[in-house]
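Student: Quick one: sequence and predicted model below, then my questions.
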Number of protein chains: 2
Amino acid sequence: MKSSFQRIRIGFIGTIIILLTFLLVTSCTKEIEQKAKFGLVIHGGAGSIERGKISPEIEKEYEAKLTEALETGYKILSDGGTSLDAVETVINILEDSPLFNAGKGAVFTHNGLNELDASIMDGSTLNAGAVARLTRIKNPITLARGVMEKSEHVMMVGDGAEQFGVENGFELVDPLYFYTEKSWEALQRALKKEEELKSKDQAALLDIAPGDKHGTVGAAALDMHGNLAAGTSTGGMSNKKYGRAGDVPVIGAGTYAKNVTCAVSCTGHGEYFIRLGVAKDISDMMEYKMISLDEAANEVIHQKLEELGGTGGLIGIDKYGNITMPFNTSGMFRGYILEKGKANVSMYKD
Amino acid sequence: MKSSFQRIRIGFIGTIIILLTFLLVTSCTKEIEQKAKFGLVIHGGAGSIERGKISPEIEKEYEAKLTEALETGYKILSDGGTSLDAVETVINILEDSPLFNAGKGAVFTHNGLNELDASIMDGSTLNAGAVARLTRIKNPITLARGVMEKSEHVMMVGDGAEQFGVENGFELVDPLYFYTEKSWEALQRALKKEEELKSKDQAALLDIAPGDKHGTVGAAALDMHGNLAAGTSTGGMSNKKYGRAGDVPVIGAGTYAKNVTCAVSCTGHGEYFIRLGVAKDISDMMEYKMISLDEAANEVIHQKLEELGGTGGLIGIDKYGNITMPFNTSGMFRGYILEKGKANVSMYKD
């Protein structure tokens, strides 16, 4: 027979266990409640974006455009729209602005052309669409979505992709639409520098006007139906040659979305993002190593990318509405908006 | 004080533990000893390759060409050559043969052209090279290697890639080089069928002459320095339109290599391989889930790919020289050669 002291002790321990279990369950429930039922995160490129180097007027322009994009995406998501619609619409807004290296503001190739790449992915079906080397499509992300939804293919390149566009109701714009003084001057600076460096090695060419290389735009969204989507659009690298394509049209590198894990869009020195398969790597680490979006994203940007010597950043959202926005450059145009509807925009590291 | 019975029991258990440990260590050592120090695995495409449908003469041609490729690769590896050299040389042999849908034997696009894609990856550095929509390069895998080794880029597309080739000593061949009666007739059959099906849905078009869609070639190798490499080369899909690119130029989808895991080359319905990021998915499952190459490869081909409705196969080799060659089609031209130097070639399921 147990003594009454023993009985009291067992009763006391039992109470403590019940209390702890209750606290644990409550805190877990609270955590789930705190997650957004929908959310949107965007970027407008990572690069040498430093405080003091951008005038207050230009700063305001970036803030206003990113806020407009976030609020437009929020309207779609809060009205019950799909993550795919939010991603496409938000990227359209950034493509139509001359501020970013995508659509209207695309940089020039070595030959004085604008060659645009884009990709989009639907996390609920793993359907995807990618286009590369477009010269006459105003909104590449919309053509990428057309490839995903209106063809049996995932990737279309060059004039063939544009022919598909025309057959599916896309209007071809005059290539001059993509002319901006800023991009043209960046090319002229690069060409001049290239002339000066002709005797030096190829690697040095990559360091020409590093600020001009960035400005890719992207978005990742979770809708209230639990579906994730991501998209990315870019004008590539200023002064690029040889039909170079970066990570943007490479599904798994610049863009990936999978409902059980996350939606991710990348920006930066594309070659490194292809070699690491960055966007899918994050999804795989979450799925196979069971780590969080933020842990996975930080490991890729601050360890794997840095070990290879690459620069850039990414944005991502998981199925609970957790977001991440790591980068290893001095800045990244970025922002997010969650269920409460407050747009958060930033560009510098601090 | 312990009784003598207890002492005997402890002694007995101790002996058993020591014996088991010894057996475990011995079997592990044996397993490592049994692994090849170098090895090569290749494919010549997966598809409807059925016993009885291929004449004994043609069977012999395939067997002879695959054996020639394996033995040439073996020579390189056993002489201490690199996995990259073995992969490139082996794929060159398959590209130069009209038997496969790559290089010389490439299928025709809808417009009567041959558009070739290829990619290669060095597992020791994660360097990679990819080319897409080539029309005048005899050996696309060699240009992909040129992009990897002689440029700062990973991916080049179309005429730009060819311009890079010319500037780096590649000869442009007359596009007629790629004409083969077999590929031309396959296109004519496809066009005729397409005409008949014009009123039917797009999806039906994909089922035209399914045998003609396949024949991509690829290789994965481990050299005696412990370095892995993989490469893939293809003429794409017969009767393809719109500048369609499949998984071959998409690093992470059709090709991936990483020294700590494996080297993989894929073949099949490329769109599904892009959406699943097949080659890197296998590497990631090995790295993050700690499963074997064979388990990972079978999970992708027999579960993930089938769930999406895709068909195809892949070949892979890991850092110990273990190989895998799963496919979910009726056959896949394939073969491997390990340290002992015996070429093993097969094409059917059984």
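Tutor: Nice, thanks for sending it over.

Student: who's in contact with A:Gly243?
Tutor: Contacts for A:Gly243 (Cβ atoms under 8 Å, 6 or more residues apart in numbering or on different chains) come out as A:Glu115, A:Arg133, B:Met156, B:Val157, B:Gly158, B:Asp159, B:Gly160, B:Ala161, B:Gln163, B:Phe164. All C-beta spots, glycine's among them, are computed from the backbone N, C-alpha and C.

Student: Now it. Its backbone dihedrals?
Tutor: phi 60, psi 30 (degrees, to the nearest 10).

Student: Once you drop chain neighbours, what's closest to it?
Tutor: Among residues not flanking A:Gly243 along the chain, B:Gly160 sits closest, at 2.3 Å (Cβ to Cβ, 6 or more residues apart in numbering or on different chains).

Student: Of the contacts of A:Gly243, keep whichever come out buried.
Tutor: A:Glu115, A:Arg133, B:Met156, B:Val157, B:Gly158, B:Asp159, B:Gly160, B:Ala161, B:Gln163, B:Phe164 (16 or more other Cβ atoms under 10 Å in any protein chain shown).

Student: Please look at the fifth one and B:Arg133 and confirm they touch.
Tutor: This points to B:Gly158. Yes. B:Gly158 lies in contact with B:Arg133 (Cβ atoms under 8 Å); the separation is 4.4 Å.

Student: circling back: show me the contacts of A:Gly243 that map onto helices.
Tutor: If you go by DSSP state H, the contacts of A:Gly243 have B:Gly158, B:Asp159, B:Gly160, B:Ala161, B:Gln163, B:Phe164 in helices.

Student: what's the residue lying closest to the last one once chain neighbours are set aside in contact with, if anything?
Tutor: Put plainly, it is B:Phe164. If the residues on either side of it in the chain are set aside, B:Phe164 comes closest to A:Tyr242, at 4.0 Å by Cβ to Cβ, 6+ apart. Applying Cβ under 8 Å, 6+ apart to A:Tyr242 gives the contacts B:Ser151, B:His153, B:Met156, B:Gly160, B:Ala161, B:Gln163, B:Phe164.

Student: roughly how far apart are A:Tyr242 and B:Met156?
Tutor: Per Cβ to Cβ, to the nearest Å, A:Tyr242 is found 5 Å from B:Met156.

Student: after the worst-scoring helix or strand of chain A on mean pLDDT, next one along is what?
Tutor: Across the helices and strands of chain A, mean confidence by mean pLDDT, DSSP states H and E is lowest for helix A:202-205: a mean of 44. Sequence-wise, the next helix or strand downstream of helix A:202-205 (DSSP states H and E) is strand A:217-222.

Student: which one among the contacts of A:Tyr242 gets closest to chain A?
Tutor: B:Gly160 (2.3 Å; Cβ to the nearest Cβ).

Student: quick one, what contacts the closest one?
Tutor: Applying Cβ under 8 Å, 6+ apart, the residues contacting B:Gly160 are A:Lys241, A:Tyr242, A:Gly243, A:Arg244.

Student: Repeat the analysis, applying 10 Å as the threshold.
Tutor: A:109-111, A:115, A:133, A:158, A:240-245, B:131, B:133, B:153 (Cβ atoms under 10 Å, 6 or more residues apart in numbering or on different chains).

Student: And the pLDDT at the closest residue to chain B within the stretch 201-350 of chain A?
Tutor: Nearest residue of the stretch 201-350 of chain A to chain B, counting by Cβ to the nearest Cβ: A:Gly243, 2.3 Å away. A:Gly243 carries a pLDDT score of 94 in this model.

Student: what's the burial count for A:Glu195?
Tutor: 8 (other Cβ atoms under 10 Å in any protein chain shown).

Student: That one - that's part of a helix, no?
Tutor: Yes. Per DSSP: H, G, I helix; E, B strand; the rest coil, A:Glu195 lies within a helix segment.

Student: what residues are up against the closest residue to A:Phe273 other than its chain neighbours?
Tutor: Nearest residue to A:Phe273 in three dimensions, chain neighbours excluded: A:Asp247, at 3.7 Å (Cβ to Cβ, 6+ apart). Residues in contact with A:Asp247 (Cβ under 10 Å, 6+ apart) are A:117, A:119, A:216, A:232, A:234, A:253-255, A:266-279, A:312, B:154-155, B:251.

Student: can you check A:Gly231 too?
Tutor: A:42, A:83-84, A:86-88, A:90-92, A:118-122, A:128-129, A:140-142, A:144-145, A:217-221, A:248, A:254-255, A:257, A:263, A:265.

Student: how about 7 Å then?
Tutor: A:Val87, A:Glu88, A:Ile91, A:Ser119, A:Ile120, A:Ile141, A:Gly218, A:Ala219, A:Thr255, A:Ser265 (Cβ atoms under 7 Å, 6 or more residues apart in numbering or on different chains).

Student: Repeat that for A:Tyr288.
Tutor: B:Asp284, B:Met285, B:Tyr288, B:Lys289.

Student: Can you report how many residues lie near whichever residue of the stretch 1-150 of chain A sits closest to chain B?
Tutor: Closest approach of the stretch 1-150 of chain A to chain B (Cβ to the nearest Cβ) occurs at A:Leu126, with a separation of 4.6 Å. Neighbour count of A:Leu126, defined by other Cβ under 10 Å: 20.

Student: which element is the closest residue to it other than its chain neighbours on?
Tutor: Computed as Cβ to Cβ, 6+ apart, the closest residue to A:Leu126 that is not its neighbour in sequence is B:Arg275, at 4.6 Å. Secondary-structure assignment from DSSP H and E places B:Arg275 in helix B:270-276.

Student: For that helix, which helices and strands make contact with it?
Tutor: strand A:127-134, helix B:305-308 (3 or more Cβ pairs under 7 Å, 6 or more residues apart in numbering or on different chains; DSSP states H and E).

Student: 10 Å instead?
Tutor: If you count contacts as 3 or more Cβ pairs under 10 Å, 6 or more residues apart in numbering or on different chains; DSSP states H and E, helix B:270-276 packs onto strand A:127-134, strand A:155-157, strand B:244-245, strand B:262-268, helix B:278-289, helix B:305-308, strand B:312-318.

Student: That concludes my questions; thank you for your assistance.
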